[in-house]
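S.K.: Sequence and computational prediction follow.
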Amino acid sequence: MTQVIRSSAELREKVAGWKRSGMLVGVVPTMGALHDGHLSLVREARRQSDRVIVTIFVNPMQFNNADDLKKYPRDEGHDLALLDAEGVDVLFAPEVTEVYPEGFATKVSVSGVSEPLEGAFRPGHFDGVATVVAKLFGMTQAGRAFFGEKDWQQLQVVRRLVEDLNIPVRIIGCPTIREADGLAMSSRNVRLSAAERAAAPALHRILEAAAATLHGGASARETLLDAEAEILEAGFREVDYLDLRSVEGLRPLERATEPARLLVAAWIGDVRLIDNIAV
Ligand code: AMP
């Protein structure tokens, strides 16, 4: 049975016991509303660790939009059943006041890699991510942490964070899990109407086509202008960004002359979807 823990003191005791027996602890941080993307991280964590903690915390500090926070899907009962079926040892699901008690005054801010793309469109978002991830590493004391490539920029921010602060955890990136039609799995997908859900896979299809063109040596400016127009024609309302970047530092690239990543954020109705693929 997966044990639900809400207090960091209780978690610390649990983990200390495991560590005394020489066990390697893995953690999968999430915001819940779990889907197969999350479960793929859990399975990788099970493969690479002796004990697995999944955290569910809808972190108010990383939401720059109050409405997005309010509408974020939550179903802990269902999540717990899924984690139990995967053999997860502990679900750590703290209240907001456990993570941010009165008097909390620290913010972790990673510069550079957090600034473009999501950082430009969601001010404060990565400060919230870096702060809560640093806290979760402190609270779980895990030796390995599993993050999805779905959030490519977040993965780079977390790598920078643990390197810069000498946090003794190994970050494992895991590939994006998609629906059969190519749509990247996301907790926010449940908010799509039937029509929006039918249109949404165009995003990945257009990314794939653009990546192939870029791989052939085409100019990013031209290729991505065309691709953006296609995304809008497919039923998206607005494209926040569609950019070719270097894989780790996320430097802008005009051509795919080095290992690159194509990253996109676009609005369909009032749902904002992000995706990225290798070029
Ligand atoms: P979230 O609950 O959205 O904060 O995501 C928790 C973790 O799951 C993050 O590391 C995400 O990158 C990862 N994740 C979310 N969706 C997917 C997906 N479709 N495939 C793989 N990993 C994912």
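M.R.: It's in.

S.K.: Flag every buried residue along stretch 239-256.
M.R.: For stretch 239-256, a neighbour-count test (16 or more other Cβ atoms under 10 Å) marks 239-245, 250, 253, 256 as buried. Bear in mind the C-beta positions are built from the backbone N, C-alpha and C, glycine included.

S.K.: Likewise for stretch 89-99?
M.R.: Buried-residue list, stretch 89-99, by 16+ other Cβ under 10 Å: 89-94, 98-99.

S.K.: again with stretch 176-195
M.R.: Here stretch 176-195 shows 176-179, 183-187, 189, 191-192 as buried, counting by 16+ other Cβ under 10 Å.

S.K.: How about stretch 133-145?
M.R.: So, applying 16+ other Cβ under 10 Å, buried residues of stretch 133-145: 133-137, 139-145.

S.K.: And for stretch 30-44?
M.R.: Buried-residue list, stretch 30-44, by 16+ other Cβ under 10 Å: 30-35, 37-44.

S.K.: hey, C-alpha coordinates of the helix ranked longest in the chain in PDB?
M.R.: If each helix of the chain is counted by residues according to DSSP state H, the longest one is helix 125-140. Extracted in PDB, the C-alpha atoms of helix 125-140 (Å, rounded to 0.1, in the frame of the first residue of the first chain):
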ATOM      1  CA  HIS A 125       7.100  30.900 -12.900                       C
ATOM      2  CA  PHE A 126      10.600  29.400 -12.800                       C
ATOM      3  CA  ASP A 127      11.300  31.100  -9.400                       C
ATOM      4  CA  GLY A 128       8.300  29.200  -8.100                       C
ATOM      5  CA  VAL A 129       9.500  26.000  -9.700                       C
ATOM      6  CA  ALA A 130      13.100  26.400  -8.500                       C
ATOM      7  CA  THR A 131      12.000  27.300  -5.000                       C
ATOM      8  CA  VAL A 132       9.600  24.400  -4.600                       C
ATOM      9  CA  VAL A 133      12.000  21.900  -6.200                       C
ATOM     10  CA  ALA A 134      14.800  22.900  -3.900                       C
ATOM     11  CA  LYS A 135      12.500  22.500  -1.000                       C
ATOM     12  CA  LEU A 136      11.200  19.100  -2.200                       C
ATOM     13  CA  PHE A 137      14.800  17.900  -2.500                       C
ATOM     14  CA  GLY A 138      15.500  19.100   1.000                       C
ATOM     15  CA  MET A 139      12.300  17.500   2.300                       C
ATOM     16  CA  THR A 140      12.700  14.100   0.500                       C
END
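
S.K.: Return the angle between stretch directions for the very next helix or strand once past that helix and helix 125-140.
M.R.: Following helix 125-140 in sequence order, the next helix or strand is strand 144-148 (DSSP states H and E). Here the directions of strand 144-148 and helix 125-140 differ by 150 degrees (axes from the mean of the first three to the mean of the last three Cα atoms, to 10 degrees).

S.K.: what helices or strands is the helix or strand following strand 144-148 leaning on?
M.R.: The helix or strand immediately downstream of strand 144-148 is helix 152-164, counting by DSSP H and E. Packed against helix 152-164 by the contact rule (3 or more Cβ pairs under 8 Å, 6 or more residues apart in numbering; DSSP states H and E) you find helix 118-121, helix 125-140, strand 144-148, strand 170-174, strand 260-268.

S.K.: quick one: the helix or strand of the chain with the lowest mean pLDDT near the ligand?
M.R.: The weakest-scoring helix or strand in the chain, judged by mean pLDDT, DSSP states H and E, is helix 66-71 (a mean of 94). No: applying Cβ under 6 Å from any ligand atom, one finds helix 66-71 separated from the ligand by no less than 12.0 Å.

S.K.: Tell me which residues touch the closest residue to Pro252 other than its chain neighbours, please.
M.R.: Distances taken as Cβ to Cβ, 6 or more residues apart in numbering put Arg245 closest to Pro252, at 6.1 Å, once the chain neighbours are dropped. Going by Cβ atoms under 8 Å, 6 or more residues apart in numbering, Arg245 touches 116-117, 251-253, 260-263.

S.K.: nearest to Leu207, of those residues?
M.R.: Each of those was scored against Leu207 by Cβ to Cβ, and Leu262 proved nearest at 5.7 Å.

S.K.: how much space is there between that closest one and the ligand?
M.R.: 16 Å (Cβ to the nearest ligand atom, to the nearest Å).

S.K.: Nice, that's everything, thank you.
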